[in-house]
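Undergrad: need a structure here:
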Amino acid sequence: MTYHFDSVSDVLKPSIQEYVEHHITHKMDSYFKKIFSKEGAEITIKVSVKKLEDDRFDGHFQFVIDGKQFDYSTWNKPFRSVQDLVAHAFDHLKERMAD
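TA: Numbering: from 1, shown residues only. Sure thing, here's the model as predicted:
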């Protein structure tokens, strides 16, 4: 898992990482268990979060799950809460994986 932050305070960075990890271990666990049941399966996640001047957040999430890439971006649709940004990205991933 990799993170890129732009204009995000050093105090907020660990919180964002915790939000992401919470979603992985509590919200996506059943989805990811199915993936990891396959031999050699891998999941990589790249998270990019930018704090805007109006204290809202834009983000880009890239999920590569067993060779399939899923992207989610909020550019031009910023969130007031970074928690909501992360939750929305993982909700979007769940929908894509269910297809």
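
Undergrad: From here on, just use CA atoms for contacts and neighbour counts.
TA: Fine.

Undergrad: partners of Phe63 in the sheet?
TA: Taking DSSP bridges, one obtains Ile45, Phe70 as the residues bridged to Phe63.

Undergrad: my guess is it meets Asp71, correct?
TA: Yes: with contact defined as C-alpha atoms under 8 Å, Phe63 and Asp71 form a contacting pair (6.2 Å).

Undergrad: So which of these two has more stuff around it?
TA: For Phe63 versus Asp71, the count of surrounding residues by other C-alpha atoms under 10 Å is larger for Phe63: 20 against 15.

Undergrad: where along the chain do the helices fall?
TA: 13-22, 29-36, 82-98 (DSSP state H).

Undergrad: okay, and the common contacts of Phe63 and Asp71?
TA: Any residue near both Phe63 and Asp71 by C-alpha atoms under 8 Å, 6 or more residues apart in numbering counts here, and not one turns up.

Undergrad: and Thr74, how far is that from Ser48?
TA: From Thr74 across to Ser48, the span is 10 Å (C-alpha to C-alpha, to the nearest Å).

Undergrad: what do the two both touch?
TA: Gly59, His60.

Undergrad: so what's Met1 scoring on pLDDT?
TA: On the pLDDT scale, Met1 is placed at 91.

Undergrad: thinking it is in contact with Lys46, fair?
TA: Yes: counting by C-alpha under 8 Å, Lys46 is a contact partner of Met1 at 5.8 Å.
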